[in-house]
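Trainee: fold the stuff below for me.
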Amino acid sequence: MSNQLSPYMKFSRQEWASLRNAVPMTLSVDELKSLQGINEELSLDEVTDIYLPLSRLLNYYIGNNFTRQAILAKFLGKNHKTPYIIGIAGSVAVGKSTTARVLKALLTRWPEHRKVALVTTDGFLYPNKVLEERGIMHKKGFPQSYDLKKLLQFVSDIKSGVSHVSAPVYSHLVYDIVENESVEIESPDILILEGLNVLQNPVDCHATSNRVFVSDYVDFSIYVDAERPLLHDWYINRFLKFRAGAFSDPNSYFHHYSQIPETEALKKAEHIWKSINELNLLENILPTRERASLILTKSVDHRVDNVQLRK
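Mentor: Below you'll find the model as predicted:
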């Protein structure tokens with residue numbers, strides 16, 4: 001498809017960076033270190049060139065959305081302010097969580113001082129016990145492994161302006177939902193929802209047209225993209241870093257991987273990538289990319305090379 005027929009405007013890194021329009025940097029080097037993932041080096045240049053222009057764009061969209069809500073409230077004769085939901089999707093190991101954390105930090109620091117909440121869809125996975133009972137433990141992260149009813153109720157409550165909403169907590173250490181623990185979301189102006197499948201709609205799941213999906217509640221969506229060989233390498237490198245760090249904790253679900261030879265652990269990582277993560281990417285995640293409002297395309301070192309913004 002030619003660029004002329006594409007639903008996106010494509011910007012080089014330099015072109016996108018120029019749209020920062022002198023928005024000041026509000027994050028320190030130490031803050032950036034706390035926001036980056038285990039497999040990424042988040043530089044000031046990356047935030048300046050990519051995330052500051054993006055936060056500027058989002059601030060415009062959010063401001064316009066709230067203005068429209070005020071008009072509707074005036075028409076209805078009652079308050080009608082609802083949170084603005086930003087969805088962030090993409091493959092395992094692409095850096096979705098870092099993108100979400102950086103945007104949360106930047107959007108919180110705008111002069112409007114809006115209240116920003118961040119929730120990952122990991123908390124809405126079924127507990128391991130349920131996945132095992134259903135024989136889909138090997139499909140963890142696939143659409144069928146999520147409690148979609150609970151996730152939809154959560155985003156519906158947020159979008160309806162419910163003042164106090166709870167979200168389940170997921171532990172990557174024990175690789176399971178934390179029983180009797182939740183995160184409380186109280187009247188945010190903005191909710192950032194990060195997860196593998198937040199952009200799915202009925203077309204992806206061969207569902208009937210009247211079925212509701214999370215994407216129906218999302219106001220602006222971001223797909224974090226990279227070529228498959230890069231995603232593979234990032235996943236393997238992250239696995240090995242976890243093996244040397246978090247997996248060494250006896251309480252870790254993957255503790256046994258820290259006890260076997262590295263060559264054996266590497267083979268296991270390759271198998272997990274091929275049979276689960278890459279398969280999920282090709283079947284369920286990648287098909288949602290062109291549905292995003294904006295696509296961040298990364299190259300080596302997690303550096304964003306270009307940005308595509310829906311026309």
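
Trainee: use CA for all of it now, contacts and neighbours both
Mentor: OK.

Trainee: where exactly do the helices run in the protein?
Mentor: Assigned by DSSP state H, the helices in the chain fall at 13-17, 29-35, 44-46, 52-76, 96-108, 128-133, 148-159, 202-205, 228-244, 262-272, 278-280.

Trainee: among those helices, which is nearest residue 171?
Mentor: When the helices of the chain are compared by CA to CA, helix 128-133 sits nearest residue 171, at 11.6 Å.

Trainee: can you pull the buried residues of the closest one?
Mentor: 128, 131 (16 or more other CA atoms under 10 Å).

Trainee: stretch 160-180 now?
Mentor: 161-162, 165, 167-170, 176-177.

Trainee: possible to save those residues as JSON lines with pLDDT and distance to residue 26?
Mentor: Formatted as JSON lines, these follow (pLDDT from 0 to 100; distance: CA to CA, whole Å):
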{"residue": "161", "pLDDT": "90", "distance to residue 26": "29"}
{"residue": "162", "pLDDT": "93", "distance to residue 26": "31"}
{"residue": "165", "pLDDT": "97", "distance to residue 26": "29"}
{"residue": "167", "pLDDT": "97", "distance to residue 26": "29"}
{"residue": "168", "pLDDT": "97", "distance to residue 26": "31"}
{"residue": "169", "pLDDT": "97", "distance to residue 26": "29"}
{"residue": "170", "pLDDT": "96", "distance to residue 26": "30"}
{"residue": "176", "pLDDT": "97", "distance to residue 26": "35"}
{"residue": "177", "pLDDT": "97", "distance to residue 26": "34"}
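
Trainee: among these, which two are most distant?
Mentor: Longest span within the buried residues of stretch 160-180, CA to CA: 161 and 176, 29.2 Å.

Trainee: quick one, what contacts residue 54?
Mentor: Counting by CA atoms under 8 Å, 6 or more residues apart in numbering, residue 54 makes contact with residue 20.

Trainee: residue 91: what's it in contact with?
Mentor: Residue 91 neighbours (CA under 8 Å, 6+ apart): 196, 224-225, 231, 277, 281, 285-286.

Trainee: next step: these restricted to strands.
Mentor: 224-225 (DSSP state E).

Trainee: dump the contacts of residue 91 to TSV, plus distance to residue 87 and neighbour count.
Mentor: TSV is the format used below for the contacts of residue 91 (distance: CA to CA, whole Å; neighbours: other CA atoms under 10 Å):
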residue	distance to residue 87	neighbour count
196	10	25
224	11	22
225	14	23
231	20	24
277	20	24
281	17	21
285	13	26
286	15	20
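
Trainee: pick out the most distant pair among the contacts of residue 91.
Mentor: 224 and 277 (15.4 Å).

Trainee: next, count neighbours for residue 75.
Mentor: 11 (other CA atoms under 10 Å).

Trainee: distance of it relative to residue 189?
Mentor: Relative to residue 189, residue 75 is positioned 21 Å away (CA to CA, to the nearest Å).

Trainee: same check, this time on residue 74
Mentor: Distance of residue 74 to residue 189, given as CA to CA: 19 Å.

Trainee: and if you look at residue 127?
Mentor: In terms of CA to CA, residue 127 sits 30 Å off from residue 189.

Trainee: just the ones of the buried residues of stretch 160-180 in strands?
Mentor: In this view, those that belong to strands under DSSP E are 165, 167-170, 176-177.

Trainee: hang on, the earlier thing: of the buried residues of stretch 160-180, closest to residue 133?
Mentor: Nearest member of the buried residues of stretch 160-180 to residue 133, counting by CA to CA, is residue 176, at 14.4 Å.
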